[in-house]
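In: sharing a model prediction with you, sequence too.
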Amino acid sequence: MNHLILAAKIIKLSNVQILPGHLTTSKLVVQFPNPKSPKMLNYIYMKVWGNLAKEIQYYYAIGDYVIIEGNLNIAKESHIKTYKKTELRVSKIYPFHLVKHNR
(Lines give C-alpha, C1' and ligand atoms only; values in the text may rest on other atoms or scores of the structure.)
Protein backbone atom coordinates (compact mmCIF):
# COMPACT_ATOMS: atom_id res chain seq x y z
CA MET A 1 0.00 0.00 0.00
CA ASN A 2 1.06 3.58 -0.63
CA HIS A 3 0.93 6.35 1.95
CA LEU A 4 -0.90 9.45 0.69
CA ILE A 5 -1.57 12.99 1.94
CA LEU A 6 -4.21 14.79 -0.09
CA ALA A 7 -6.22 18.03 0.00
CA ALA A 8 -9.74 17.37 -1.27
CA LYS A 9 -13.38 18.46 -1.25
CA ILE A 10 -16.04 16.18 0.24
CA ILE A 11 -18.63 15.28 -2.42
CA LYS A 12 -20.63 12.47 -0.79
CA LEU A 13 -20.99 11.22 2.80
CA SER A 14 -22.62 7.92 3.70
CA ASN A 15 -24.15 7.03 7.04
CA VAL A 16 -22.12 5.34 9.74
CA GLN A 17 -22.58 1.56 9.65
CA ILE A 18 -22.13 -0.57 12.74
CA LEU A 19 -20.61 -3.96 11.94
CA PRO A 20 -20.55 -7.04 14.18
CA GLY A 21 -18.24 -6.51 17.14
CA HIS A 22 -19.34 -2.85 17.48
CA LEU A 23 -16.94 -1.74 14.74
CA THR A 24 -18.09 1.43 12.97
CA THR A 25 -17.33 2.27 9.36
CA SER A 26 -18.26 4.99 6.91
CA LYS A 27 -17.62 5.68 3.23
CA LEU A 28 -17.23 9.00 1.47
CA VAL A 29 -16.27 10.35 -1.93
CA VAL A 30 -13.91 13.30 -2.38
CA GLN A 31 -12.68 15.22 -5.41
CA PHE A 32 -9.28 16.77 -5.95
CA PRO A 33 -7.65 18.65 -8.85
CA ASN A 34 -5.62 16.88 -11.50
CA PRO A 35 -2.18 18.54 -11.83
CA LYS A 36 -1.75 17.30 -15.42
CA SER A 37 -5.07 18.72 -16.60
CA PRO A 38 -6.31 21.63 -14.45
CA LYS A 39 -9.84 21.51 -15.87
CA MET A 40 -10.34 17.86 -14.87
CA LEU A 41 -11.11 16.66 -11.36
CA ASN A 42 -10.30 13.25 -9.93
CA TYR A 43 -12.56 11.37 -7.54
CA ILE A 44 -11.56 8.81 -4.94
CA TYR A 45 -13.59 6.56 -2.66
CA MET A 46 -12.54 6.58 0.98
CA LYS A 47 -13.23 4.12 3.77
CA VAL A 48 -13.06 5.28 7.39
CA TRP A 49 -13.06 3.00 10.46
CA GLY A 50 -13.69 3.37 14.19
CA ASN A 51 -14.13 6.66 16.02
CA LEU A 52 -12.87 8.58 12.99
CA ALA A 53 -16.01 7.49 11.09
CA LYS A 54 -18.21 9.03 13.79
CA GLU A 55 -16.12 12.21 13.91
CA ILE A 56 -16.38 12.73 10.15
CA GLN A 57 -20.17 12.43 10.31
CA TYR A 58 -20.35 14.92 13.18
CA TYR A 59 -17.81 17.58 12.15
CA TYR A 60 -17.79 17.57 8.34
CA ALA A 61 -20.40 18.16 5.63
CA ILE A 62 -20.60 18.03 1.86
CA GLY A 63 -18.59 20.89 0.38
CA ASP A 64 -15.94 20.98 3.13
CA TYR A 65 -12.27 20.98 2.16
CA VAL A 66 -10.10 18.62 4.19
CA ILE A 67 -6.56 17.30 4.28
CA ILE A 68 -6.58 13.51 4.32
CA GLU A 69 -3.83 11.12 5.35
CA GLY A 70 -4.12 7.43 4.64
CA ASN A 71 -3.12 4.36 2.64
CA LEU A 72 -4.00 3.99 -1.03
CA ASN A 73 -5.07 0.60 -2.33
CA ILE A 74 -5.55 -0.19 -6.03
CA ALA A 75 -7.42 -3.39 -6.86
CA LYS A 76 -8.02 -4.91 -10.29
CA GLU A 77 -11.39 -6.41 -11.08
CA SER A 78 -11.11 -10.00 -12.28
CA HIS A 79 -13.97 -9.87 -14.81
CA ILE A 80 -12.95 -6.51 -16.37
CA LYS A 81 -9.23 -6.50 -17.13
CA THR A 82 -8.84 -2.77 -17.76
CA TYR A 83 -10.79 -1.61 -14.68
CA LYS A 84 -8.92 -0.64 -11.51
CA LYS A 85 -10.65 0.44 -8.31
CA THR A 86 -8.85 2.87 -6.02
CA GLU A 87 -9.73 3.11 -2.36
CA LEU A 88 -8.17 5.21 0.38
CA ARG A 89 -8.19 3.97 3.97
CA VAL A 90 -8.13 7.12 6.07
CA SER A 91 -5.92 7.25 9.15
CA LYS A 92 -6.17 11.00 9.89
CA ILE A 93 -8.26 13.90 8.63
CA TYR A 94 -7.70 17.61 9.19
CA PRO A 95 -10.02 20.56 8.44
CA PHE A 96 -8.81 22.91 5.70
CA HIS A 97 -11.84 25.06 4.84
CA LEU A 98 -15.24 24.27 6.35
CA VAL A 99 -18.52 25.61 5.03
CA LYS A 100 -21.01 27.05 7.52
CA HIS A 101 -23.10 24.27 9.07
CA ASN A 102 -26.63 24.57 10.42
CA ARG A 103 -26.03 22.63 13.64
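Out: Now that the structure is in, tell me what you want to look at.

In: going forward, measure contacts and count neighbours with C-alpha atoms only.
Out: Fine.

In: look at the residue positioned nearest the centre of the chain and give its secondary structure.
Out: Centroid-nearest residue in the chain: Met46, 3.1 Å away (criterion: C-alpha atoms, centre = their mean). Counting by DSSP: H, G, I helix; E, B strand; the rest coil, the backbone at Met46 sits in strand.

In: measure it to Lys36 for me?
Out: To Lys36, Met46 is 22 Å away according to C-alpha to C-alpha, to the nearest Å.

In: show me the beta-bridge partners of the nearest residue in space to Ala8 that is not next to it in sequence.
Out: Nearest residue to Ala8, sequence neighbours excluded (C-alpha to C-alpha, 6 or more residues apart in numbering): Phe32, at 4.7 Å. Taking DSSP bridges as the rule, Phe32 bridges to Asn42.

In: which ones are touching Phe32?
Out: 7-9, 41-43 (C-alpha atoms under 8 Å, 6 or more residues apart in numbering).
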